[in-house]
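> Just the structure for this:
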Amino acid sequence: MRIIAGRFKRRSLTSPSGNAIRPTTDRTRESMFNVITSRLDLEGAIVADLFCGSGSLGLEAYSRGASRIEFVDRESSSLSLARNNALTLDEHAPCRFIRSDARAWASSQPSATYDLILADPPYHAEGVDSLIDVMLPLLKADGLFILEHDRSLRLPQHAALEDVRTYGKTAVAIYHKTSTDVDA
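Predicted coordinates:
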């Protein structure tokens, strides 16, 4: 596993051992970030990486210019892996590591805080579709919520859904909070 682009391009990240964490493949991450960077300037962006696992999604955003990344996971082993990967890239990386369930974390956040929220929950987790309405209020105007999920999962229609891309067994849903949605 490696960083795809940006100032840390080609730098290796530690992959998790075992099957407890399913990291996003390099191919999927590259495609995902091509979509993200076509819609959002990551320079100076504030990013949240939920269900962070190895931290590869948040660290890719950091490599591409994000100014602050919050890694959220309820597993201390995941946070430790993400922290070690961040330190490997930059010992002064502007990262926070928060041990929490994503929904509980969201309820403690002020609205309109993030430019980009990345979520890669376990594929068989319940309530994945409920993340959409929980995370959208946390986005700034024109922010993106990216939800990676098993392609067999059928998410409900949502006004903020911009696109769904599939990569093998993985689907990536892109939700865009437009400036007209700010008060919604």
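> What's the first helix or strand after the host helix or strand of D133?
Using DSSP states H and E, D133 falls within helix 131-135. Per DSSP H and E, the first helix or strand lying C-terminal to helix 131-135 is strand 139-150.
> Identify the residue nearest A171 in space, chain neighbours excluded?
R151 (4.1 Å; C-beta to C-beta, 6 or more residues apart in numbering). To be clear about C-beta, it is placed using only N, CA and C from the backbone, and glycine gets the same treatment.
> should've said L139
K177 (4.2 Å).
> Now do the residue nearest to A171: how many residues are near it, please.
15 (other C-beta atoms under 10 Å).
> quick one: it from K177, how far?
24 Å (C-beta to C-beta, to the nearest Å).
> ok, the residue nearest to A171 touching V172?
No. Proximity of R151 to V172 does not meet the contact threshold set by C-beta atoms under 8 Å, at 9.4 Å.
> Now list whatever residues contact both of those two.
Taking C-beta atoms under 8 Å, 6 or more residues apart in numbering as the contact rule, the neighbours common to R151 and V172 are T166.
> And the most centrally placed residue in the chain, how far from S17?
Most central in the chain under C-alpha atoms, centre = their mean is L118, positioned 1.8 Å from the mean C-alpha point. From L118 over to S17 the distance is 23 Å, taken as C-beta to C-beta.
> got it, and A93?
A93 is 23 Å from S17, by C-beta to C-beta.
> what about the two, which has more around it?
A93 (20 against 9).
> K140: what's it in contact with?
Here K140 is in contact with 46, 112-115, 177 (criterion: C-beta under 8 Å, 6+ apart).
> Same list, those, but as JSON lines with neighbour count and distance to K140 please.
Output for the contacts of K140, formatted as JSON lines (neighbours: other C-beta atoms under 10 Å; distance: C-beta to C-beta, whole Å):
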{"residue": "I46", "neighbour count": "18", "distance to K140": "8"}
{"residue": "A112", "neighbour count": "14", "distance to K140": "5"}
{"residue": "T113", "neighbour count": "16", "distance to K140": "7"}
{"residue": "Y114", "neighbour count": "23", "distance to K140": "7"}
{"residue": "D115", "neighbour count": "23", "distance to K140": "6"}
{"residue": "K177", "neighbour count": "24", "distance to K140": "7"}
